[in-house]
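[1] Test case, fold it:
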Amino acid sequence: MIYLVSGHPRTGSSAVVESLIKGGMEAMWDDKEHQHVLKTVQKDGYQPHPAGTYEWFSWDKKPMIKNSAEELEEWRALFQNKLCKIFHRSLFVLPKDRYKIVYLTRRYEEIEQSTRKVYDKGWEKRLIIAHNREEYAAMVRKAIDFMRSREDIEFSLISYNVLLQDPIAVFEALKTSGWPIDPKQAASVIDPKWYRMRS
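    Prediction:
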């Protein structure tokens, strides 16, 4: 089994990864790339998730969508029984295995507000997947349809808004669906004060 967290940027995926780690899961991410991201985005005034972005950048700093079949197979073997955060587009190239996926959603207006706030100048370019409400809705529908089409994927949709309102319920539901976590420990990470961009 491989455990994944994904979604559009600014939907709370880093917070969920941190929560799942606190709840007892083992995660892997690219620390060198994380440090690079911190230095780069700080120039733009970006304030990333305090504990890190937990991004996984695969071999040779390539996104998974540009990996060869051999590299994807190596990734599959490396992440057995571990947690990984991946970009939305990477969902569509997952090699066959067994997956449990948390897919984060958020009101598009809040994604845009958050991106605008943390990036200031050039924020439009940071909306790298969806540039308006319609594109975002289509992106989410495509991801859901794809995950439903795969017999080897079990997924849970989590709303960022609901996560901050009732984290215990969210992580208890994940526990019930087979995620190996302590829901109370996982929920202890979530801070309602993060909910500053409201639509």
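
[2] switch to C-alpha atoms for all contacts and neighbour counts from now on
    OK.

[3] Val189 in helix, strand or coil?
    coil (DSSP: H, G, I helix; E, B strand; the rest coil).

[4] Surely it and Leu20 touch.
    No. Checked against Cα atoms under 8 Å, the pair Val189 and Leu20 is beyond contact range at 9.1 Å.

[5] the more surrounded of the two?
    In this view Val189 and Leu20 are compared by other Cα atoms under 10 Å, and Leu20 has more residues nearby, 26 against 17.

[6] which element is the more buried one on?
    Counting by DSSP states H and E, the element that carries Leu20 is helix 13-22.

[7] could I have that helix exported to CSV, CA atoms only?
    Extracted C-alpha coordinates of helix 13-22, given in CSV (Å, rounded to 0.1, in the frame of the first residue of the first chain):
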residue,chain,number,x,y,z
SER,A,13,-1.9,19.4,1.6
SER,A,14,1.2,20.2,3.6
ALA,A,15,-0.8,20.6,6.8
VAL,A,16,-2.4,17.2,6.2
VAL,A,17,1.0,15.5,5.6
GLU,A,18,2.3,17.0,8.8
SER,A,19,-0.9,15.8,10.6
LEU,A,20,-0.5,12.3,9.3
ILE,A,21,3.1,12.2,10.3
LYS,A,22,2.1,13.3,13.8
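
[8] name the helices or strands packed onto that helix?
    strand 2-7, strand 83-85, helix 183-187 (3 or more Cα pairs under 8 Å, 6 or more residues apart in numbering; DSSP states H and E).

[9] I'd like the C-alpha coordinates of the last one written as CSV, please.
    I take that to be helix 183-187. C-alpha atoms of helix 183-187 as CSV (Å, rounded to 0.1, in the frame of the first residue of the first chain):
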residue,chain,number,x,y,z
PRO,A,183,-6.7,10.5,14.9
LYS,A,184,-6.3,12.6,18.0
GLN,A,185,-2.6,13.1,17.5
ALA,A,186,-3.1,13.9,13.8
ALA,A,187,-5.8,16.5,14.7
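
[10] helices and strands around it, which ones?
    Using 3+ Cα pairs under 8 Å, 6+ apart, helix 183-187 is in contact with helix 13-22, helix 167-176.

[11] which one of those helices lies closest to Ile144?
    Among the helices and strands packed on helix 183-187, helix 13-22 comes nearest to Ile144, with 16.5 Å by Cα to Cα.

[12] Now tell me which helix or strand of the chain has the poorest mean pLDDT.
    helix 123-126 (a mean of 50; mean pLDDT, DSSP states H and E).

[13] Can you check the pLDDT for Phe87?
    On pLDDT, Phe87 comes in at 82.

[14] My error: substitute Ser14 in the last question.
    The predicted local confidence for Ser14 is 86.

[15] Next, count neighbours for it.
    22.

[16] Can you give me the separation between it and Leu174?
    Noted for Ser14: a distance of 17 Å to Leu174, by Cα to Cα, to the nearest Å.

[17] again, but for Asn81
    For Asn81, the distance to Leu174 - Cα to Cα - is 16 Å.
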